[in-house]
Structures are given as structure tokens and as C-alpha cells.
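# From the sequence below, what's the structure:
(chains A and B)
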Amino acid sequence: MRVDLKGRVALVTGAAGTIGCAIIRRLSDNGASVVVADINREGAEAAAAELPDAIASVIDISSKDSAERGVAEAIARFGRIDILVNNAGVNSFVHRVNIDAFPLAEWERITRIDLDGLYLMSQAALQPMLKQGDGGRIINIASVVGLAAMRLQSPFVAAKAGIIHMTRSMALELGPQGILTNAIAPGSIMSEGTRSLFYGADGKFAGRTAEFMEHLPLGRPGTADEIAESVLFLSSPSASYINGQILAVDGGWTAGYMM
Amino acid sequence: MQIALQNTFAELLGDPNPVAGAIRDALRANGATIEPVAPVPDILLVSMPLLPVAGYDPSTLLGAARSTGDAMFARGSGRIIFLVSAAAGMPMRRHPEFSVAMAGVVTTVRTLAMQLGPKVLVNAVGVGAVGEPLVAGDAAMLAHASVKRPGSVAEITDTVLFFCDPLNTYTTGQMLSVDGGWSAGYARSF
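Below you'll find the model as predicted:
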């Protein structure tokens, strides 16, 4: 897909990770200027250095001050923000246990970043976006576990379900100002975390990968580029009447029951 | 928006509404061939009525889509895109039969996605209130569309192209509604 994003400024959080890197490359390839935001300074700087018109911004989305500083840096460099991609998020790869044993500290860490962080980042970016007065786009990266719950990761499931409904709420509130909010719900995507957990030789669930893939009509994990293609579409002028929608990019995982 | 559909054959089935006509033109503009020169198309657009109509029975059209899907599966590849009313995901009190029929179509989309994967991707575009005068949807939708206007035909055709996009390869069994936020929730203020 080729779209015209010349003159548009995109701020992408979690941009040093596998999916984030794919998103910033795709947006940049289609003309956007990019704020490469990540809590990992080295990763953000390395990713930004590969793009023709980008800056790195160290943002901890769980901090209001950090989110606001990052937005200020973006405005100082580019003068505006047109597209916010709320991609940053975490899950627990160690505490895979039922709710009765899930550690409070880990619950608070995950929900603080995944749910509170999306709120803080959106609120910070919306200040200039609303002042600009000519609309914009917010794309929230949720997860299929926000649509179909899974075991052993209750805070991640709760946060992603929260993001999905928050997306709809944001769409209702911001639509009249021309800011369209949508979410992408990725399925199993080959990232550092899932590679280790499911596909690595010492991964906790490595032996069950084949069984899991039988539940997917496409029978394979997705790639970061496949997520980025959907982000590109929802960021583009072509998606100007899509608002409050949740697009699962999941190989058909949530289409129905495969067994 | 541009996608690469050179050497791609597309077939259109069903209701010849203005949106389907514009999609045919958009597919051609992006390189696809519409004429039935191939026995099994690469892309199948299944077009449902987009203005609410009572008593509509999609079963014959769904049977034809399933037959083409089976042929695509046997060949090893294909895309099927259903054009349906957004009422498929949000039933309308004044259009009960139409809402039920459209919901049935979307269940068929999901079933076909499971049966024809991984070779054939099957998705749907849910169309809200489009055009002035309306060529899709119902004027009542506009009261709850947070984007305070009807959609354009081009906004629908581009979403269909997204599902035809050769780089969009991990989405199947989904309906993406293009309705200005009508189905997102309750937009009125209290």
C-alpha cells in the first residue's frame, strides 16, 4: 500500500521494539515525519537514525511529566502532531500464574504502563492536536486478549480490554473535532517476547506452540510488518470515515472456534 | 491510496449498487482486471444491498461466494471481501429483518475464514451512512456518528482496497466498519 503522509507528523511509542520499528519505517516510507519514542534511549536513537526525518524521544509513558516532555520535544522539532500511535506496552513473561497468585506489584506495573500510560500519552498529545484544529489520528495497539480472554496474564488482559473500550470512548469524544481513534488488536506476533516465550528452545510454552497454532486459520504467527500495514492504513487519508473500530490482525484467531 | 494489483483478476457478485460500481473502478485503477478471463478470480467482491430492505435473503449469493471460495482454496490463494451494511454489527430497530440478514452474512464471513484459511483470506467492510443522498445506510445513523457527516463512496472503496492489499496478509474473518463512529457507542450527550 502506498499512501501520502507528506507533511504529517507521527509520534509512535514503544518505537524501539519489533512492532514499533516496523510501524515507524512504514509511516516514514510513506512520507511522515516521525517522533521515535521509547523508554530505551539507545534503541530510540538507533531507530531514528535510520529514518530520513525523525527524532528520538525518551518517553516513559507511565509518567505524566515524561509524556508531556516528549510531546514538547515533538512540537519543538516539528511544530505539530498529526498521528499518535500508542504502541508501548508490557506483559509479564515470568509471572504466568492464576489471578489468586498474581503478584500485586506486577499487576500494578503492567496496568500502570499498558492502561494508565495510554491515557497519559494520549492526554499529553491531544493538547497540541486539539489546538491545531484540523483533526488527527490516534491508533491504539491493543491485543486479541482484550477481545478473547486468556489465562495466566490477568493484568495484561484487563488492560487490553480497557484499551479497546477506551478507544471507543475516545472516538465518541474526539470524533466531532476530527480526531479519529481506532485500535488494532494483534494476535500472536513474532516479537522478542513471544519468540522467547513460545518459540525459543527454553521458552516456557515452547512445547505447546503447534497446538496453539491449530487455533489460527492462518496457522502461523504474524509479523510486525503485517501490523504496520494496518497502522499505515488507519493513519492514512483513506481511513477518514473509520472511527472507534477495533481491527484484529490475528490470523483469524478471533473469527471463531476452530476445533 | 495505491496498491499493486497487476496480474490480478477480480470478480464482482451481487447487488450492483453505486458503491460496488466505484469499487470495480478502483480495482481497475490499481491494475486489476475485472473481466472474467480467469475461471477462478484472485479477488471476489460480494456485494450486499446497502440501503435497508426488508425480506432480503442472502442465501443464494452466499452459496455462490462459497463455491468461488472453494475453487480459490483448491487453487491455493484468494481474497474474498463482503460489502455489508454496518447494521451487521449493530442491529437497527426499524430494520430488523435486514439487520438479521446482515449479521448472518458476517457469521458466514467468519466461518469461511476458518474453513478457507490459510489459503484464502475472507473479510467484510461494514458500510454506514454514505452519500448525499444516501446510497448506503439510514439517515438515523448520522445522529450517532461522532464524525458529523455521511461518508463518501471513496472512503468505502479505499477500505475494500485495504483488504485487497497484497501486504495485508494477516487479517481474516474480520469486519471493519466504515461508519464515522456510529457503531462505536452512544454518542449523544446527557
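
# what about the nearest residue to A:A224 once chain neighbours are set aside, how many neighbours?
Spatial nearest neighbour of A:A224, excluding adjacent residues (CB to CB, 6 or more residues apart in numbering or on different chains): A:A22 at 3.6 Å. The C-beta positions use only the backbone N, C-alpha and C, and glycine is treated the same way. Applying other CB atoms under 10 Å in any protein chain shown, we find 23 residues neighbouring A:A22.

# What of B:I34?
16.

# pLDDT wise, what is it at?
Looking at B:I34, its pLDDT reads 93.

# Please tell me how far it sits from B:Q6.
14 Å (CB to CB, to the nearest Å).

# same check, this time on B:R110
Remark: distance between B:R110 and B:Q6 (CB to CB) = 30 Å.

# Looking at these two, which one has more neighbours?
More crowded of B:R110 and B:Q6, by other CB under 10 Å: B:R110, with 22 against 8.

# Please list all residues in contact with that one.
By CB atoms under 8 Å, 6 or more residues apart in numbering or on different chains, B:R110 lies in contact with A:A255, A:G256, B:V122, B:G173.

# Could you list the buried residues of the helix or strand hosting it?
Secondary structure from DSSP states H and E places B:R110 in helix B:96-116. Within helix B:96-116, the residues that count as buried by 16 or more other CB atoms under 10 Å in any protein chain shown are B:98-99, B:101-106, B:108-116.

# With stretch A:149-168 instead?
Those would be A:152-164, A:166-168, for stretch A:149-168 by 16+ other CB under 10 Å.

# Now do the buried residues in stretch A:99-117.
A:F102, A:W107, A:R109, A:I110, A:T111, A:R112, A:I113, A:D114, A:L115, A:D116, A:G117.

# Identify the residue spatially nearest to the first one, adjacent ones excluded.
Spelled out, that is A:F102. Using CB to CB, 6+ apart, the nearest residue to A:F102 is A:S154, at 5.7 Å.

# Kindly report the same for the last one.
Using CB to CB, 6+ apart and skipping the chain neighbours, the partner closest in space to A:G117 is A:I61 (3.4 Å).

# May I ask which helix or strand encompasses the residue nearest to A:A224?
A:A22 belongs to helix A:18-29, assigned by DSSP H and E.

# could you say what helices and strands that helix packs with?
When contacts are defined as 3 or more CB pairs under 8 Å, 6 or more residues apart in numbering or on different chains; DSSP states H and E, helix A:18-29 packs onto strand A:9-12, strand A:33-38, helix A:41-49, strand A:83-86, helix A:224-235.

# What strands line up against the first one, and which way round?
In this case it means strand A:9-12. Applying DSSP bridges to the sheet, strand A:9-12 is found paired with strand A:33-38 (parallel), strand A:83-86 (parallel).

# Mean neighbour count for these - can I get that in a markdown table?
Formatted as a markdown table, those follow (neighbours: other CB atoms under 10 Å in any protein chain shown):
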| stretch | mean neighbour count |
| --- | --- |
| strand A:33-38 | 30 |
| strand A:83-86 | 28 |
